[in-house]
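S.K.: have a look at this prediction, sequence included:
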Amino acid sequence: MDRMLQQASQGSAQGGKPSSSSNQSQGGLSEEQLEGLEEQFGLDKSIFISYCQWLGVLPRETRISKGEYGSRGEETIGGGVDLETTAAVVLRGDGRLVHVVRSGEKVISAVFADTGKPVATEGWKVRYENEKDRQDRFKRRNTGPGDAPSYRARAIVYQTRFAGLLQGDLGRSTVYNDPVDEMILARMPVAAYFGLLSAVITYAVCLPLGVLKALKHRTFLDSASSILIFVGYSIPGFALGAILVIYLGARMNWFPLFGMTSPDFAQMTNWDKIKDLAHHTALPLTCYVISGFAMLTMLTKNNLMDNLAADYVRTAVAKGISFRRAVFNHAFRNSMIPVATSLGDLVTIFVAGSMLIESVFDIQGFGLLQYQAVIARDIPVIMGTLTIAALLMLLGNVLSDFIVAMVDPRIKFK
């Protein structure tokens, strides 16, 4: 809301329209427009109620329409009507007139002016808002010195609907005005593409390399490979990406500088599309996997070495089993139990990605979506991306527990 007020204030200043000091503090918007923004983002409710509405546990108020008591003339309500007890409300998005009658601070009737039919029969609800409620709302919005103005009491007519996380509604982007769930779904194919490739390459390289390092412990091969993987682990992916873009992209012109495909990708043949996609994928994929080798490789090596030194392996060899069979049939299987704990995390590939790497290569992935949302303070997108990522992470942890139970016969779920 602060960002919208700043934009409105800048637009008013650029337009050269004079405004009072009170309007300038509110971005040049009227009080009705400010209230509309508060209702849009749930700022007119307490934090608990707003959070429950975002979850979808409590209904949201929609099509909110307001009318003050004593502010309409007889031409609107009709003659012989007490204007202090009857408010005229024009329904938003409907256009029909509603008469809301109160007794003190209690609404006793709300009917359509043309038919006399109660509005509740068509799903409309009514509440009463007195002067103190409106002044409290003004004070929450204006924290500076000064008294709140005097207000008339008013009737508020609205409808309700459940629209939150449980209903699959994550709201709309405040920057692009697109549904957040559609924006996330549009980025998931890119995230899954790089996530799958990174996982396949990492496991295909690290598992054999870890086994080889364990069998060739303290040899030149072990030491040289350790130096290489830890050098790769120490290089930030986005820094490596910037170097690759400058030298291999801009100076040598070996690889494209940005994007996933070429501008004429749609006119290419299938084989040319595959080559073009691979050409654009090479540099960012290198940045994705470069830091992931060390952890899995050393985990595989250390676990395998611990199992090779165990009594059951020495007993198997002493009974005449070949060393190769003892390694791969006995030690390797038990060494994969700690590795299996990370397999459940593969479900997060649908929201995988690095906001910095994707920013360097201008890849429209999940990470770049998060980065742009943070820069633009697009709160619905930030909430949506964090929620989806957190849910997938929790699901991955649960899957990891089941995978470990399947691999390790000592663990049983009862």
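M.R.: Good, I have the coordinates. Fair warning: this is a prediction, and the values are worked out from it, not measured in the lab.
S.K.: strands along this protein, start to end?
M.R.: 60-68, 86-90, 97-103, 106-112, 125-129, 154-161 (DSSP state E).
S.K.: domain assignment for the chain?
M.R.: 61-160, 180-407 (automatic domain parsing).
S.K.: make CSV out of these and add mean neighbour count, distance to residue 46 and mean pLDDT.
M.R.: For every residue, glycine as well, the C-beta is placed using N, CA and C. Listed next are the domains of the chain as CSV, based on neighbours: other Cβ atoms under 10 Å; distance: least, Cβ to Cβ, whole Å; pLDDT from 0 to 100:
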stretch, mean neighbour count, distance to residue 46, mean pLDDT
domain 61-160, 15, 11, 84
domain 180-407, 17, 18, 86
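S.K.: what's the closest of these to residue 42?
M.R.: domain 61-160 (9.3 Å; Cβ to Cβ).
S.K.: ends of that closest one, what's the gap?
M.R.: 5 Å (Cα to Cα, to the nearest Å).
S.K.: what of stretch 348-358?
M.R.: First residue to last in stretch 348-358 (Cα to Cα) measures 17 Å.
S.K.: what sits up against it?
M.R.: 184, 188, 190-192, 194-196, 198-199, 236-238, 241, 284, 287-288, 363-368, 370-371, 385, 388-389, 392-393, 396 (Cβ atoms under 8 Å, 6 or more residues apart in numbering).
S.K.: put together TSV for the domains of the chain, with distance to residue 5 on each row.
M.R.: As requested, the domains of the chain are exported to TSV (distance: least, Cβ to Cβ, whole Å):
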stretch	distance to residue 5
domain 61-160	10
domain 180-407	12
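S.K.: residue 31 is nearest to which of these?
M.R.: domain 61-160 (7.9 Å).
S.K.: gap between the closest one and the chain center?
M.R.: Averaging C-alpha positions (Cα atoms, centre = their mean, to the nearest Å) puts domain 61-160 37 Å from its chain's average.
S.K.: returning to that earlier point: which one of the strands of the chain lies nearest to residue 294?
M.R.: strand 60-68 (47.9 Å).
S.K.: list the strands paired with that closest one, with their directions.
M.R.: strand 154-161 (antiparallel) (DSSP bridges).
S.K.: what's residue 309 sitting at in phi/psi?
M.R.: Per-residue torsions, residue 309: phi -90, psi 0 (degrees, to the nearest 10).
S.K.: distance check, it against residue 329.
M.R.: 17 Å (Cβ to Cβ, to the nearest Å).
S.K.: same check, this time on residue 115
M.R.: 83 Å.
S.K.: kindly report the same for residue 386.
M.R.: As judged by Cβ to Cβ, residue 386 and residue 329 stand 44 Å apart.
S.K.: re the thing from before, how about the strands of the chain in a markdown table, adding distance to residue 278?
M.R.: Output for those, formatted as a markdown table (distance: least, Cβ to Cβ, whole Å):
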| stretch | distance to residue 278 |
| --- | --- |
| strand 60-68 | 47 |
| strand 86-90 | 60 |
| strand 97-103 | 63 |
| strand 106-112 | 65 |
| strand 125-129 | 58 |
| strand 154-161 | 47 |
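S.K.: nearest to residue 301, of the ones you listed?
M.R.: So among the strands of the chain, strand 60-68 is nearest, using Cβ to Cβ, at 54.4 Å.
S.K.: so how far is the closest one from its chain's centroid?
M.R.: Taking mean C-alpha positions (Cα atoms, centre = their mean), strand 60-68 and its chain are 29 Å apart.
S.K.: other residues contacting stretch 369-386?
M.R.: So stretch 369-386 is contacted by 3, 41, 54, 170-176, 180-181, 183-184, 187, 351, 355-356, 358-359, 366 (Cβ under 8 Å, 6+ apart).
S.K.: sorry, that was for stretch 256-275
M.R.: So stretch 256-275 is contacted by 190, 245, 249-250, 276-277, 279-281, 361-364 (Cβ under 8 Å, 6+ apart).
S.K.: could you redo the last one with a cut-off of 10 Å?
M.R.: 190, 193-194, 245-246, 248-250, 276-277, 279-284, 360-365 (Cβ atoms under 10 Å, 6 or more residues apart in numbering).
S.K.: now, which of the residues you listed lie within helices?
M.R.: 190, 193-194, 276-277, 279-284, 360-361 (DSSP state H).
S.K.: redo those residues as JSON lines? Include distance to residue 209.
M.R.: What follows is the ones in helices among the contacts of stretch 256-275, written out as JSON lines (distance: Cβ to Cβ, whole Å):
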{"residue": "190", "distance to residue 209": "28"}
{"residue": "193", "distance to residue 209": "24"}
{"residue": "194", "distance to residue 209": "21"}
{"residue": "276", "distance to residue 209": "31"}
{"residue": "277", "distance to residue 209": "27"}
{"residue": "279", "distance to residue 209": "27"}
{"residue": "280", "distance to residue 209": "27"}
{"residue": "281", "distance to residue 209": "22"}
{"residue": "282", "distance to residue 209": "21"}
{"residue": "283", "distance to residue 209": "23"}
{"residue": "284", "distance to residue 209": "22"}
{"residue": "360", "distance to residue 209": "27"}
{"residue": "361", "distance to residue 209": "27"}
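S.K.: of the residues you listed, closest to residue 145?
M.R.: Using Cβ to Cβ, the ones in helices among the contacts of stretch 256-275 come closest to residue 145 at residue 360, 48.2 Å.
S.K.: excluding sequence neighbours, find me the nearest residue to the closest one.
M.R.: residue 241 (4.1 Å; Cβ to Cβ, 6 or more residues apart in numbering).
S.K.: ditto for residue 331
M.R.: residue 307 (3.9 Å).
S.K.: so the one you found touches residue 329, yeah?
M.R.: No: Residue 307 is beyond contact range of residue 329, at 11.6 Å (criterion: Cβ atoms under 10 Å).
S.K.: give me the common contacts of those two.
M.R.: By Cβ under 10 Å, 6+ apart, no residue touches both residue 307 and residue 329.
S.K.: quickly note the distance from residue 395 to residue 346.
M.R.: 11 Å.
S.K.: quick one: end-to-end length of stretch 329-349, please.
M.R.: 31 Å.
S.K.: equivalent analysis for stretch 317-333, please.
M.R.: Termini of stretch 317-333 sit 16 Å apart (Cα to Cα).
S.K.: cool, stretch 310-329 as well?
M.R.: Length of stretch 310-329, first residue to last, Cα to Cα: 14 Å.
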